[in-house]
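after the sequence you'll find the predicted model.
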Amino acid sequence: MYYPNLDLKYRHELKHYVNYHQYFTIRQRLRPLMTQDANANEAGEYLIRSLYFDDINNTALHEKLGGVRDRVKYRIRIYNGEDNIIHFEKKIKMNDVIAKVKESITREMYDEILKGNYEVLNLPHQPLLYEIYHAANNVLLRPKVIVDYVREAYTSKLGNVRITFDKYMKTGLNNHDIFDPHLAMVDAIDHKFFVLEVKYDEYLPDYIKTALQLEGLVRQSNSKYVICRKLGKENSWEDQ
């Protein structure tokens, strides 16, 4: 059981599946109302690739499937396949809100972690990395699956709203190296569907809520991590 840190800043997060027509309609409504993510390329997109970790009991997987309301996930995340920004992240869910804590790591640290050398995280002055170091030693936290997708993001200062469309989700097979240029990938969901995520602080402004019209959309019940774990050939519910 995870006991959440109440001092963190928690946000609301809503997830829905949308087809291409719904995506195009919502995007056209949002563009005059919100600002496109400054990190996007000319097409308004960027690539996210994450390596998710779980413990010897696959706690994160089973807690999500079991509907446990307070839980955490750990992942290493990169952008556009580059190694200039590498974050080790902890995503925390408490009831219906979320928070995220992250620390930067170097490519050298990443390479050592992939080799199984978790001593590089033995850093008491960096609490998250130190926490992961202990989890690696005490509950055998290990890499489990790669999740890869293209993101289109919009932001608004009012309500601190962030709306993203995650497209073309794939997962890596039989390999946990997010920098491997020959990584074998398989589609994780039908590419006719995208994942719409809506994140905000205390409230979602009415004009954005009206543009989204979420009531007519299908809620996404499973996380990207769970979807990709189901597809990974090396993961068989009792693996590692």
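Good, I have the coordinates.

would you agree H21 falls within a strand?
No: H21 is assigned helix when assessed by DSSP: H, G, I helix; E, B strand; the rest coil, not a strand.

from N160, how far off is V120?
34 Å (CB to CB, to the nearest Å). Placement of C-beta: from N, CA and C, glycine included.

more crowded one of these two?
More neighbours surround V120 than the other of V120 and N160, with 17 against 14 (other CB atoms under 10 Å).

where does L61 sit, in terms of helix or strand?
Using DSSP states H and E, L61 sits within helix 59-65.

please identify the buried residues of that helix?
59-61, 63-64 (16 or more other CB atoms under 10 Å).

now do stretch 203-220
204, 208-209, 211-212, 217, 220.

low-confidence stretches in this protein?
Under the criterion pLDDT under 70, the flagged ranges of the chain are 1-6, 232-240.

helices of the chain, start to end?
20-30, 59-65, 107-115, 127-138, 206-212, 224-231 (DSSP state H).

which stretch among the ones you listed comes nearest P181?
helix 107-115 (14.6 Å; CB to CB).

same question for that closest one: list its buried residues.
Buried residues in helix 107-115 (16+ other CB under 10 Å): 109-110, 112-114.

go on, stretch 93-103?
Buried positions in stretch 93-103, judged by neighbour count with 16+ other CB under 10 Å: 93-94, 97, 99, 101, 103.

farthest pair in the buried residues of helix 107-115?
M109 and L114 (9.8 Å).

quick one, strands of the protein?
Under the criterion DSSP state E, the chain contains strands at 11-19, 35-36, 46-54, 71-79, 86-94, 97-104, 142-156, 161-172, 185-187, 193-200, 218-219.

quick one, which of these is nearest to Y133?
strand 86-94 (10.5 Å).

centre of the chain versus the closest one, how much separation?
8 Å (CA atoms, centre = their mean, to the nearest Å).

can you list the buried residues in that strand?
The neighbour-count criterion (16+ other CB under 10 Å) identifies 86-94 as the buried residues of strand 86-94.

of the buried residues of stretch 203-220, which is the nearest to L141?
Of all those, Q220 has the smallest distance to L141: 25.5 Å, by CB to CB.

quick one: residues contacting that closest one.
Going by CB atoms under 8 Å, 6 or more residues apart in numbering, Q220 touches 15-17, 195.

how far away is the residue lying closest to M109 once chain neighbours are set aside from E103?
Distances taken as CB to CB, 6 or more residues apart in numbering put V120 closest to M109, at 4.6 Å, once the chain neighbours are dropped. Per CB to CB, V120 is found 12 Å from E103.

cool, and G216?
For G216, the distance to E103 (CB to CB) stands at 39 Å.

coming back round to it: now do the helix holding L61: which elements does it pack against?
When contacts are defined as 3 or more CB pairs under 8 Å, 6 or more residues apart in numbering; DSSP states H and E, helix 59-65 packs onto strand 46-54, strand 71-79, helix 224-231.
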